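Participant: From the sequence below, what's the structure:
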Amino acid sequence: MTTVPSPHEDRPPRPAGLLEKLTAAIRPEFRQEDLAFDPRHPVFGGPACAIDECDRPARSNRMCWGHSVRWAHAGRPDLDTFIATTPPGWTGHQPLAACAVGGCRYGLDSNGLCQRHWRQWKRSTSTEMEAWQSSTAPLPPPSPLPAICRISYCDLWVRGNSVFCTGHDGRWTARGRPDIEDFAASYEEIGPGGSEHIDLRRLPVQLRLEVQYALQCRHDEATKKIRPAWAQRLVNALADAQVRSLLDEPEEFWKTFRGPSGIWATGWGTFLLGARRRVEELAYGRGWEAEYPRAVWRLRNLGIVHPHTSTVTFEKITQLWLRDLAKRWARWRLSGGINAHTVRAGVRMVARFSAFLPAEVTGLAQIDRALLERYLADLQAVMGGRSTQNAHISNLNTFLRTIRVHRWDETLPGNAAFVPEDYPTPPPLLPRAVAEHVMAQLEDPANLARWQDPARRLITLVLMRCGLRVTDAINLPLDPVVHDAEGAPYLRYFNHKMKREALVPIDEELEQQLRDHQRRILEKRPEGVSVLFPRADANLRGDRPISTSGYRISLAEWLQQCDTRDELGRPAHITPHQFRHTLGTRLINKDVPQEVVRQILDHTSAQMTAHYARLSDTTVRRHWEKARKVNAQGETVALDPAGPLAEAAWAKQRLSRATQALPNGYCGLPVVQSCPHANSCLTCPVFITTAEFLPQHREQRQQTLQIISAAEARGQKRLVEMNRQVADNLEKIITSLEDDGQPDTGEATADAS
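Facilitator: This is a model prediction of the structure:
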């Protein structure tokens, strides 16, 4: 389907003063009607053609367009041989051969002769052409001598009434006899040749300036190359479509632009959409005054840059009164520093509420508790209690509460709010760590070697060993390794979620791999880059990293190549963030203190790290099974970890820690029974303790002996008797626990440090 602007004149008026702004903004080098570029231009040029002494940019098969076409016409011989033996001259831009007859400067027609001498030869009776050419038979030069061809480097005589020689006249005719001066000028170009320029002369003045300004912006940004031949086809399509200005049509039109005959090329929509936005920004300016009235906010125009969020759209909020409130809410949140991605998600959830609202709701005054309860039922029917449902309720509640707090609309009913009971009970957090047998497959050197791209392989190792979020990993700076005073290496990165720099310790092997990759990047891009994992395309400055979506796709392909299977033999599905959970769980299970894990993962609060601790219940049980447990008499309490009562004993021990914890041990009494012995645990038959309470036992023994001494001095025999039993039991407990092969407190402390 051909997309052409409508011929009628019912188009929005162009902003006043735009022509003057464009004229002032465009520099002289881009104000030319026919833009020519240096062959080595970083945006519009390219590397040199592989043909020796040809300085035109390589465009196909390591050669310029001219030599690539010549290679194709030659039957595509061996490319290296063709490159080594082909002269550098541009096809069609070399002096043409003259007639073989001496003194004749007409162009060739047939068999090495001009048309004049070829006809004479055909009428002659001579059989030897070479002898005939050197004889006096051929016609002499005409008098006066004809004019010279208009092509500056061609010294042949013109053909008849033409201003060109035979060869160039034929080419001029084949091209439809264009303007003589333009045709002659096309042969004057040196270097890039005819296809390495952008001719804008067919465009109307307004559109020509807009395209020049867009090309200048692309030059200044230097993010992606533009081939002049590609741009020329787009310019021709715009001219054929009789476009007057990029602002005459909405953005949706330019996303799918086609020429009048359906001509289309990849990237046209992106370029035209970007060009229109640049022109519009020049016309109307930047900032809130320009963006706030729009249905789609462009965050860059507000000075907000987010790696995954470039716009906030209000188009799906059909009620204008609700859209106005949503805009006000979004601006207030963005101004307060709330993440742009979070703001966009909130607006999207208000848009869902907008789609739910019945047609009879025409204002905020009609949004009451009864309507919100109907909305809750709709959410439940569609989302079924998933976590997304909680997000919808929370964002809408925040939206309504903000309106009420700031008094943006006094008509909002007081009962238009959600209560805690409206939120569905969230499902329990399940372990997200990758199972160890799956990790064993992923960490297998043979599987790691299956990565085709060493950059993505190294990203995977960083995720596994350092626990970074994938966004932080791909945005690592070119030199991310730092050392402490002792020479230990650390990985330095920016924690985008917490908006701060962070360090994580690494081993020498990972440090060496990072260094090796750094060298590979600098060898490939000696001009320098600023990120460790630069993307391969649209990255002339080297400051754009690999995209997260691109890495996720590569990770899925790698898992498929490795045939990674879970415990049920199914193909394993793994997200990059699971490596972070896996590292946290592994550290907890290796008895790394929770505070150390928090620092390694750069969590702000201990509650974030506590999630991994909850996943390590097996670690706590392992310690409980290994610890020697004694009763109040110092006798060992044995429990077989593999015995039939192991699970029940472990469950009771966990419950005892929670409900009947003592300062120096645990109560072994069944929970359903009450204890008749208040503060008499050291004489209780169901008291159990372990070596972790040795400091408390020693301190209590010292205090008990002091009580006994004081009681004996006062003659309090009953008090002496009661505490003597406690002291004896303490002595037995301490002796038994110390005889368990544990080092004393001083040695244990030294080892731990």
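Participant: Let me know the distance separating A174 from D78.
Facilitator: Distance, A174 to D78, by C-beta to C-beta, to the nearest Å: 32 Å. To be clear about C-beta, it is placed using only N, CA and C from the backbone, and glycine gets the same treatment.
Participant: Show me the strands in the stretch 51-200 of the chain, by range?
Facilitator: 197-199 (DSSP state E, counting those that start in this stretch).
Participant: likewise the stretch 451-600 of the chain?
Facilitator: Under DSSP E, counting those that start in this stretch, the stretch 451-600 of the chain gives strands at 481-483, 489-495, 500-505.
Participant: want to throw the ones you listed into TSV with distance to R31, mean pLDDT and mean neighbour count?
Facilitator: Shown next, in TSV, are the strands of the stretch 451-600 of the chain (distance: least, C-beta to C-beta, whole Å; pLDDT from 0 to 100; neighbours: other C-beta atoms under 10 Å):
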stretch	distance to R31	mean pLDDT	mean neighbour count
strand 481-483	48	91	13
strand 489-495	41	92	18
strand 500-505	45	90	14
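Participant: mind putting these in TSV, distance to Q452 included?
Facilitator: Below are the strands of the stretch 451-600 of the chain laid out as TSV (distance: least, C-beta to C-beta, whole Å):
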stretch	distance to Q452
strand 481-483	25
strand 489-495	24
strand 500-505	27
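Participant: What residues does V462 make contact with?
Facilitator: The contact partners of V462, by C-beta atoms under 8 Å, 6 or more residues apart in numbering, come to 468, 473, 476, 491, 510.
Participant: Make sure the fourth one is actually in contact with C466.
Facilitator: Spelled out, that is L491. Yes - taking contacts as C-beta atoms under 8 Å, L491 lies within contact range of C466: 5.6 Å.
Participant: Tell me the one among the contacts of V462 nearest to M129.
Facilitator: M129 has its nearest neighbour among the contacts of V462 in L476, at 74.6 Å by C-beta to C-beta.
Participant: Need the pLDDT of the closest one.
Facilitator: In this model, L476 is scored at 95, pLDDT.
Participant: count of neighbours near the nearest residue to S354 once chain neighbours are set aside?
Facilitator: Nearest non-adjacent residue to S354, counting by C-beta to C-beta, 6 or more residues apart in numbering: I317, 4.5 Å away. The criterion is other C-beta atoms under 10 Å. On that basis, I317 has 24 neighbouring residues.
Participant: Flag the shaky bits of this structure, pLDDT-wise.
Facilitator: 1-14, 90-92, 188-195, 307, 427-431, 611-688, 740-753 (pLDDT under 70).
Participant: center of the protein, which residue is that?
Facilitator: S547 (2.8 Å; C-alpha atoms, centre = their mean).
Participant: Quick one: residues contacting it.
Facilitator: 474, 535.
Participant: any common contacting residues for L491 and C466?
Facilitator: The contact lists of L491 and C466 share 504, 506, 510, where a contact means C-beta under 8 Å, 6+ apart.
Participant: Counting neighbours, what do you get for A340?
Facilitator: Per other C-beta under 10 Å, the neighbour tally for A340 reads 22.
Participant: Would you mind measuring from it to V347?
Facilitator: 11 Å.
Participant: Check G285 too.
Facilitator: 24 Å.
Participant: mind checking how far A229 is from G542?
Facilitator: A229 sits 26 Å away from G542, taking C-beta to C-beta as the criterion.
Participant: can you check A473 too?
Facilitator: In terms of C-beta to C-beta, A473 sits 18 Å off from G542.
Participant: Name the residue in those two with the higher neighbour count.
Facilitator: A473 (28 against 16).
Participant: shouldn't that one be in contact with Y493?
Facilitator: Yes - counting by C-beta under 8 Å, A473 touches Y493, with 7.5 Å between them.
Participant: what about L299, how many neighbours?
Facilitator: Residues near L299, counting by other C-beta under 10 Å: 18.
Participant: And the helices in the stretch 51-200 of the chain, which stretches?
Facilitator: Assigned by DSSP state H, counting those that start in this stretch, the stretch 51-200 of the chain shows helices spanning 65-73, 79-85, 115-123, 129-134, 166-174, 180-186.
Participant: now those as TSV including distance to R300 and mean neighbour count?
Facilitator: Output for these, formatted as TSV (distance: least, C-beta to C-beta, whole Å; neighbours: other C-beta atoms under 10 Å):
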stretch	distance to R300	mean neighbour count
helix 65-73	35	18
helix 79-85	44	13
helix 115-123	64	15
helix 129-134	72	14
helix 166-174	48	17
helix 180-186	40	15
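Participant: Surely V163 touches C154?
Facilitator: No - using C-beta under 8 Å, V163 is not in contact with C154, being 11.2 Å away.
Participant: So the two - more neighbours on which side?
Facilitator: A count of neighbours by other C-beta under 10 Å puts C154 above the other of V163 and C154, at 20 against 17.
Participant: From G112, how far out is that one?
Facilitator: C154 is 18 Å from G112, by C-beta to C-beta.
Participant: Would you check how far apart R552 and A345 are?
Facilitator: Applying C-beta to C-beta to R552 and A345 gives a distance of 19 Å.
Participant: Burial check on Q94, number of neighbours?
Facilitator: 11.
Participant: i'd like the first residue to be 52 from this point on
Facilitator: Sure thing, new numbering starts at 52, so read that last one as Q145.
Participant: got the contact list for it?
Facilitator: Here Q145 is in contact with no residue (C-beta under 8 Å, 6+ apart).
Participant: give me that answer again for 10 Å
Facilitator: Q145 sits next to 138, 204-205 when contact means C-beta atoms under 10 Å, 6 or more residues apart in numbering.
Participant: so which of the residues you listed comes closest to S656?
Facilitator: The closest of those, once distances to S656 are taken by C-beta to C-beta, is P138, at 72.0 Å.
Participant: OK, contacts around the closest one?
Facilitator: Contacts of P138 (C-beta under 10 Å, 6+ apart): 102-105, 118, 121, 145.
Participant: H568 too?
Facilitator: Counting by C-beta under 10 Å, 6+ apart, the residues that H568 touches are 505-506, 508-510, 529, 583-584.
Participant: ok, now A491?
Facilitator: A491 touches 485, 498, counting by C-beta under 10 Å, 6+ apart.
Participant: again with V485
Facilitator: Counted by C-beta under 10 Å, 6+ apart, V485 has contacts 491-493, 515, 615, 617, 623, 625-626, 629-630, 632-634, 636-637.
Participant: Where do the helices of the stretch 352-501 of the chain begin and end?
Facilitator: Under DSSP H, counting those that start in this stretch, the stretch 352-501 of the chain gives helices at 371-386, 391-407, 420-434, 438-457, 487-493, 496-499.
Participant: Give me the distance from the first one to the chain's centre.
Facilitator: Chain-centre distance of helix 371-386: 28 Å, with C-alpha atoms, centre = their mean, to the nearest Å.
Participant: Please save the CA atoms from that helix in CSV.
Facilitator: Listed next in CSV are the C-alpha coordinates belonging to helix 371-386 (Å, rounded to 0.1, in the frame of the first residue of the first chain):
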residue,chain,number,x,y,z
LEU,A,371,-9.7,14.0,29.0
TRP,A,372,-10.4,14.8,32.6
LEU,A,373,-8.7,11.6,33.7
ARG,A,374,-5.8,12.2,31.3
ASP,A,375,-5.2,15.7,32.7
LEU,A,376,-5.0,14.2,36.2
ALA,A,377,-2.7,11.4,35.1
LYS,A,378,-0.4,14.0,33.4
ARG,A,379,-0.2,16.0,36.6
TRP,A,380,0.5,12.9,38.6
ALA,A,381,3.3,11.8,36.2
ARG,A,382,4.9,15.2,36.2
TRP,A,383,4.8,15.4,40.0
ARG,A,384,6.5,12.0,40.3
LEU,A,385,9.1,12.7,37.6
SER,A,386,9.9,16.0,39.3
